[in-house]
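> just a sequence and a predicted model for now, questions to come.
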2 protein chains.
Amino acid sequence: MLPFEVTATDPGSRARRGSMTTAHGRIETPVFMDVGTRASVTNCAPVDLAEVGTQVVLGNTYHLMLRPGPEAFRRLGGIHKFMGWSGPVLTDSGGYQIFSLPGARTITEKGARFKGYTDQQMHMLSPERSIEVQTAIGSDIMMVLDECIDSMSDEARTRAAMDRTHRWALRSLAARTNSEQALFAIVQGGIVPSLRKESAAFLTEHPFDGFAIGGLAVGDTRSEREDVTALSAELLPPDRPRYLMGVGTPPDLLQAMLAGVDMFDCIIPTQLAWQGTAFTSTGRVRLTRVPNALSEEPLDPLCPCSTCRTFSRAYLHHLFKCKEPLGPRLVSMHNLHYHHQLMSDSRDAIAAGTFAAFAKDKLEAIDRHEHSATRFGAS
Amino acid sequence: MLPFEVTATDPGSRARRGSMTTAHGRIETPVFMDVGTRASVTNCAPVDLAEVGTQVVLGNTYHLMLRPGPEAFRRLGGIHKFMGWSGPVLTDSGGYQIFSLPGARTITEKGARFKGYTDQQMHMLSPERSIEVQTAIGSDIMMVLDECIDSMSDEARTRAAMDRTHRWALRSLAARTNSEQALFAIVQGGIVPSLRKESAAFLTEHPFDGFAIGGLAVGDTRSEREDVTALSAELLPPDRPRYLMGVGTPPDLLQAMLAGVDMFDCIIPTQLAWQGTAFTSTGRVRLTRVPNALSEEPLDPLCPCSTCRTFSRAYLHHLFKCKEPLGPRLVSMHNLHYHHQLMSDSRDAIAAGTFAAFAKDKLEAIDRHEHSATRFGAS
């Protein structure tokens, strides 16, 4: 079992601080994990990740099974050596990517058949195959293959996918061969509270190292997401890590931490960086806007990251106007630093027993900035 | 006058080692300068440049006058502060870019009128305007505006452009206002030896800080380039730096150093990096080729750069196959390191008096690698 210890709980909320020990080092929770789908956090070298405070990199089994493929990982010695990252790695199972594939995929009880985008060949991603590939990748935390569905599906469809996800979870557990690699199950059940309860009750009967809350990244409203997150987190055992997949924005992270979630991942820091949008202590900044063109100020005067220490908004604006690749890189680093700083400050607040007030202040400030941005057109 | 000292000469060739002192530090010559057209060496942050051994960054007046514009440099304090690079900067005058503009530009005795690609407005780039913009940019070494022509032009056209380049050089000299910024003239005259002689004789009569050999980057054969370079270098005064513009590949650099050239710039290290092509001690490597897919070897086992110390060819291959921006970045750094190492080794060989033999060995090795690559299809 993955060693996981809760070291502090917040008296004013369900938030908790903890730490887990993987084969590649400790992870302090709550933690935001950087998305490195294809064994690269877009625009960031491993040395950059160390600098911005990254603890865990998240790879994707669907993409990595196609390229470079499990055989490459077996021959080259796993993802850590491959990408030059010596810290913990979590691999998603590929369930969500299969669900998102347009057209050519067939999902049966056995698994998902799909045409690979790299080789135009048919591939089978079954629960056993996903574990086999994740074993070759050598991640520290593996995820079970789940059946993802449209969150607008009716209850019968939602139940069927949940039941299959449960059967696949047990097949994944049986397929695991390397006890150094932790395995997390994924709670499904859409936005139906009784199904979420049933899913959590079923999965927590089995020796998974942790539990994820799945199926919430798309389609639902924010209040539905928050309700399901709070309910699911409450149903999960206190002695195992809880992971909310694909979330999210700073307010989403704060709300989920209040509900007792320990782990998160989201592409938003690097994805918004591509467009020149940065998270700052005074709200989101769109660097391409004209007022930045002559601004000597850093992106965020309160931020100690290397981008803010070294460059002005005017220079970042210039890089985006010129489409220089240095622009997305510098803003990716800043945005990741912002997320890791938020988590680090949250861990400190939980340890100090002041997280409820901390989160309330942060949420109000974010709300205020979004409001004023809408009204006045912030730069 | 820009302080420039020749500290060693090679007994077996015209090669020389020297150093010049700019407002932003010393430059050891022979030097390869990194092209940072728009105030960014593509894919490299200033901290990367320091790591790979960059001494000088080269900006371009034509591009920088359009974006961010001279007013931005005046208000933000010059290019060094703007891009976070505290070392020397040289700015090209924009003459070559004006020449390369398709269609809408008119060149008269006054200067070049053209439509800006950023604002669709008409701009005038005259010798005086180029110096004014370079003064705002705040480069350590400015270049005069020259009239570039197709190297296939007849002798009358070549002479007319050379004469105009001379008149423009004197207007540039008269327009200089900041004595901290050095100013180099550009020898023209195409591939006509008598014109090159005339151009060098005319320009060296005037107090320029250094002399560039222009008009050789395109269209000519390698032997024409080498002949003109050798002739021009010989005609230039020994106590001023000699700069061969837009050159070049490693063999071009070696040949020109043998002829006594001190300064070079070329986009080839970062441009080839975009395509996944690397310079190595065993010839050029195209990373996208299949044999690299499972190679645990570094790009170049003899190279001490961070890319070669940290990553395998298999990972670099993977990054290019996935179009991850980290790929071009890592190979750019390696290619720049390769060029700076070649120059550093050359400086050492000149100081040791062994450069002629060193260059011969290098040229033979490069020839051998290119030959075997053609015959056997190197990876």
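Alright, I've got the coordinates.
> from chain B, how far out is A:Gly59?
Here A:Gly59 is placed at a distance of 12 Å from chain B (Cβ to the nearest Cβ, to the nearest Å). Using the backbone N, CA and C atoms, a C-beta is placed for each residue, glycine as well.
> again, but for A:Ala160
A:Ala160 sits at a distance of 35 Å from chain B (criterion: Cβ to the nearest Cβ).
> with A:Glu224 instead?
34 Å.
> measure the closest residue to that residue other than its chain neighbours to chain B for me?
In space, and not counting its chain neighbours, A:Glu224 is closest to A:Ile191: 5.0 Å by Cβ to Cβ, 6 or more residues apart in numbering or on different chains. According to Cβ to the nearest Cβ, A:Ile191 stands 35 Å off from chain B.
> in terms of contact, does A:Ile191 touch A:Glu226 like I think?
No. Contact status for A:Ile191 versus A:Glu226: not in contact, 11.1 Å apart, counting by Cβ atoms under 8 Å.
> who has more neighbours out of those two?
Taking neighbours as other Cβ atoms under 10 Å in any protein chain shown, A:Ile191 and A:Glu226 compare with A:Ile191 leading, 21 against 18.
> check contacts around that one.
Applying Cβ atoms under 8 Å, 6 or more residues apart in numbering or on different chains to A:Ile191 gives the contacts A:Ser151, A:Asp220, A:Glu224, A:Asp227, A:Val228.
> recalculate using a threshold of 10 Å.
By Cβ atoms under 10 Å, 6 or more residues apart in numbering or on different chains, the contact set of A:Ile191 is A:151-153, A:155, A:158, A:215-216, A:219-221, A:224-225, A:227-228, A:231.
> how is it assigned, secondary-structure-wise?
Assigned with DSSP: H, G, I helix; E, B strand; the rest coil, A:Ile191 falls in the coil class.
> please tell me how far it sits from A:Thr249.
19 Å (Cβ to Cβ, to the nearest Å).
> try A:Gly214
18 Å.
> stretch A:328-340 vs chain B: in contact?
Yes. Against chain B, stretch A:328-340 shows contacts by Cβ under 10 Å from any Cβ of the partner chain at A:Pro328, A:Arg329, A:Leu330, A:Ser332, A:Met333.
> top of those by neighbour count?
Counting neighbours by other Cβ under 10 Å, A:Leu330 leads the residues of stretch A:328-340 next to chain B with 28 neighbours.
> next one, pLDDT for it please.
Reported pLDDT at A:Leu330 in the predicted model: 98.
> same check on the one 5 residues further on?
On pLDDT, A:Asn335 comes in at 98.
> spit out the contact partners of the residue of chain A most remote from its centre.
The centre of chain A is farthest from one residue, A:Leu294, which by Cα atoms, centre = their mean lies 35.5 Å away. By Cβ under 10 Å, 6+ apart, the residues touching A:Leu294 are A:Ser312, A:Arg313, A:Ala314, A:His317, B:Pro68, B:Gly69, B:Glu71, B:Ala72, B:Arg75, B:Leu76.
> and with 6 Å instead?
A:Leu294 is in contact with A:Ala314, B:Arg75, counting by Cβ atoms under 6 Å, 6 or more residues apart in numbering or on different chains.
> kindly report the same for A:Pro46.
A:Gly84, A:Trp85.
> swap in A:Glu155?
Counting by Cβ under 6 Å, 6+ apart, A:Glu155 touches A:Val192.
> how far away is A:Leu125 from chain B?
Going from A:Leu125 to chain B by Cβ to the nearest Cβ gives 19 Å.
> how about that residue: which residues does it bridge to?
Bridge pairing for A:Leu125 (DSSP bridges) gives the partners A:Ala112.
> surely it meets A:Gly94?
Yes. Under the criterion of Cβ atoms under 6 Å, A:Leu125 is in contact with A:Gly94, at a separation of 5.5 Å.
> just to revisit the earlier point, assign the residue farthest from the centre of chain A to helix, strand or coil.
coil.
> is it fair to say A:Phe184 lies in a strand?
Yes. Per three-state DSSP, A:Phe184 lies within a strand segment.
> that one contacts A:Met143, doesn't it?
Yes. A:Phe184 lies in contact with A:Met143 (Cβ under 6 Å); the separation is 5.4 Å.
> ok, those two, which is more surrounded?
A:Met143 (31 against 26).
> quick check: the gap between that one and A:Ile186.
For A:Met143, the distance to A:Ile186 - Cβ to Cβ - is 7 Å.
> number of residues surrounding the nearest residue to A:Gly214 once chain neighbours are set aside?
Distance criterion Cβ to Cβ, 6+ apart; nearest residue to A:Gly214, sequence neighbours excluded, is A:Ile186 at 4.0 Å. Burial of A:Ile186 is recorded as 29 neighbouring residues (other Cβ under 10 Å).
> doesn't A:Gly215 make contact with A:Ile186?
No. Applying Cβ under 6 Å, one finds A:Ile186 not in contact with A:Gly215, separated by 8.0 Å.
> what residues does the stretch 51-200 of chain A put near chain B?
Contact residues, the stretch 51-200 of chain A versus chain B (Cβ under 6 Å from any Cβ of the partner chain): A:Arg67, A:Pro68, A:Arg75, A:Leu76, A:Phe82, A:Gly84.
> ok, the stretch 251-379 of chain A next?
Contact residues, the stretch 251-379 of chain A versus chain B (Cβ under 6 Å from any Cβ): A:Leu294, A:Glu296, A:Thr310, A:Phe311, A:Ala314, A:Tyr315, A:His318, A:Lys321, A:Cys322, A:Glu324, A:Pro325, A:Leu326.
> all helices of the stretch 251-379 of chain A, in order?
Assigned helices in the stretch 251-379 of chain A, in chain order: A:268-274, A:306-310, A:313-321, A:326-352, A:355-376 (criterion: DSSP state H, counting those that start in this stretch).
> where among those helices is the average confidence lowest?
Minimum mean pLDDT among the helices of the stretch 251-379 of chain A: helix A:355-376, a mean of 87.
> residue contacts, A:Ser281?
A:Asp300, A:Leu302.
> mind checking pLDDT for it?
95.
> how close does it get to B:Gly12?
From A:Ser281 to B:Gly12 the distance is 62 Å (Cβ to Cβ).
> pull out the buried positions in stretch A:228-243.
By neighbour count on 16 or more other Cβ atoms under 10 Å in any protein chain shown, the buried set for stretch A:228-243 is A:Val228, A:Thr229, A:Ala230, A:Leu231, A:Ser232, A:Ala233, A:Leu235, A:Leu236, A:Arg240, A:Pro241, A:Arg242, A:Tyr243.
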